[in-house]
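*Asks:* Can you look at this prediction? I've put the sequence above it.
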Amino acid sequence: MPDKPHSRRAFLTASGFALSSLLAGCTLNPPQASPVEEGSGFPEDPVAPETREQSPANSRLGEVYQETIDSVAAVQAASTDGASGGTAWVYDDSYLVTNNHVVRGATDYYLRFRESGWLEAELVGSDVHSDLAVLEASTLPDSATALDLADRSYPVGTQVAALGNPFGLSGSFTTGIISGRNRTIAIPNSPFSTPDGIQTDAAVNPGNSGGPLITLDGVVVGVVNATQGDNVGFAISAALTERVIPALIETGSYDHSYLGIGLSDVSPAVIEANDFGNYTFGVYVNQVLPSGPSNGKLRGSQTTTTVRGREVGVGGDLIVRMGEWTIQNRERLAAYLALETTPGDTIDIEVIRGGEPKTVTVTLGTRPPINGQG
C-alpha cells in the first residue's frame, strides 16, 4: 500500500502505547534484549542441538517451536497518535489473525517474521465482540505457512505453548497447560463478553496478544488475548475463531446472535426467592429489553425481594435448555449462541415459569455495536 508520510513517521518514532491492564497486548518499550543477528530479531542458539541432553517432552517442545515460529509475526499498528504492538499468525494464504484491540484505531499496519524485515499489511476486517481481526500482506516469506486450527475440543490438562512478542521480545515461547475451559472473557467498556474462552497458565504478557496458543502437535487451540494476574491467561477458542475469521475475510465483519435480555446465574438466594420446582441450575432472566428479540417471548423479573440482606429478582424465567443444549450457567448460554446459531435463527428455549416448564420460541437478532464498533 502507498506510503503515508505522517504514519511512517509515527511508526518510526512511536513510544509505548498504554492499554487496559486486562489486555495482554501492546507495548513498544521493551526491556533491553540481548544482541541478535542483524535483520532477524531472533537470537542464535549458542548450544548445538546434538550437544544437549533433552527429555522426550523437552525435545518435542523444541521441535514444535521450530515447526511453527516462522508462521508467527510481530505486529505494529501505527496512527498519528502513536503505535501499538502485538502478534499475528498465518491463517491462510496471505491472511493473518490477530486481536482487534491490537489494531484498533490504527491507520497503518506492519508485520515482521523471523525471515523478513518489516512488511506492510492491510486490515481486512475486525470484530470487537470476539476481539479478532484479519490482516493481509501481499508478500509473505516462503517459510510462513498456515497453522492449523483445532477441529475438536482439547481437555483441561492438555500441554500448550504461547508464541508471541511479549514486551517486544520477538519469537518468545512459553509453555503450560489448558487450565480451564468455557470461560467468558470481558470486553472492556461493554455489557457483552466473549464466550467459550480457554484459560491457560502459560505466561502471556503485553505483546502476546493475537498470538497462537498451540498444542505440542502445532495445532492452534486459541488466540491469546488477555491476562488476569499471575498464571491466568485467556485465549479465544479455535471454535469461535473458525466461525468469525472466514466472515471477516469475506465481508470485513461478523454478526453475533442476540437475545436482548439481562441475565444472572442461579444462586441459592434466587432459588429461595422463586419457585423453580426441582431445578437448581440455569440462567435467570432479570430483564427483557423492550426493543430486543425476546420481548413478549421471555419474562424478566416482575418484582424484587430481599434474601439475607441481598436484593434479588422475583418472577423472571429460568432458562434451562436451548435447542439441544442443557444450560447450566451463563457461560453455557453464551457458548450456545456463539457456536450454534446465527442472527435470524429461530430457537426453542425451555424455561421454568411459575414453577412449570414452558417452551418458547425466539427469533434471534444481531448484537448491537459497541462504541461505534460492530
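*Replies:* Thanks, I have it.
*Asks:* tell me the centre residue of this protein?
*Replies:* residue 236 (2.9 Å; Cα atoms, centre = their mean).
*Asks:* Who does that residue form a beta bridge with?
*Replies:* On the basis of DSSP bridges, residue 236 is bridged to residue 223.
*Asks:* any low-confidence regions in the chain?
*Replies:* In the predicted model, the chain carries pLDDT under 70 at residues 1-57, 189, 371-374.
*Asks:* domain ranges for it?
*Replies:* Split into domains by automatic domain parsing, the chain comes to 1-254, 257-366.
*Asks:* so residue 67 is in which element?
*Replies:* helix 56-68 (DSSP states H and E).
*Asks:* So which residues make contact with stretch 143-153?
*Replies:* Residues from elsewhere that reach stretch 143-153, judged by Cβ atoms under 8 Å, 6 or more residues apart in numbering: 68, 70-71, 73, 89-93, 113-115, 181, 212, 214-215, 218-221, 238-239, 241-242. The way it works is simple: take the backbone N, C-alpha and C, and place the C-beta from them, glycine included.
*Asks:* try 6 Å
*Replies:* The contact list for stretch 143-153 (Cβ atoms under 6 Å, 6 or more residues apart in numbering) reads 70-71, 89-90, 92, 113, 115, 212, 219-221, 238, 242.
*Asks:* can you tell me the distance between the two ends of that stretch?
*Replies:* Distance between the boundary residues of stretch 143-153 (Cα to Cα, to the nearest Å) amounts to 28 Å.
*Asks:* most packed of the domains of the chain?
*Replies:* Highest mean neighbour count among the domains of the chain (mean count of other Cβ atoms under 10 Å): domain 1-254, with a mean of 19.
*Asks:* Convert the C-alpha atoms of whatever helix or strand residue 246 lives in to CSV, please.
*Replies:* Counting by DSSP H and E, the element that carries residue 246 is helix 238-251. The C-alpha coordinates for helix 238-251 follow below in CSV (Å, rounded to 0.1, in the frame of the first residue of the first chain):
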residue,chain,number,x,y,z
ALA,A,238,-10.5,-22.2,17.9
ALA,A,239,-14.2,-23.0,17.5
LEU,A,240,-15.2,-19.3,17.7
THR,A,241,-12.2,-18.3,15.6
GLU,A,242,-13.2,-20.7,12.9
ARG,A,243,-16.7,-19.1,12.7
VAL,A,244,-15.5,-15.5,12.8
ILE,A,245,-12.4,-15.3,10.6
PRO,A,246,-13.9,-16.5,7.3
ALA,A,247,-16.6,-13.9,7.6
LEU,A,248,-14.0,-11.2,8.3
ILE,A,249,-12.1,-12.2,5.2
GLU,A,250,-15.2,-12.3,3.1
THR,A,251,-17.1,-9.2,4.3
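*Asks:* for it, packing partners?
*Replies:* In this structure, helix 238-251 makes packing contacts with strand 118-127, strand 132-136, strand 220-227, judged by 3 or more Cβ pairs under 6 Å, 6 or more residues apart in numbering; DSSP states H and E.
*Asks:* by contact count, what packs against the shortest one?
*Replies:* The elements that strand 132-136 packs onto, with contact taken as 3+ Cβ pairs under 6 Å, 6+ apart, are strand 95-98, strand 118-127, helix 238-251.
*Asks:* if we look at the last one, which residues are touching it?
*Replies:* Spelled out, it's helix 238-251. By Cβ under 6 Å, 6+ apart, helix 238-251 touches 95, 124-125, 127, 130, 132, 134, 149-150, 196, 220-221, 223, 254, 338-339.
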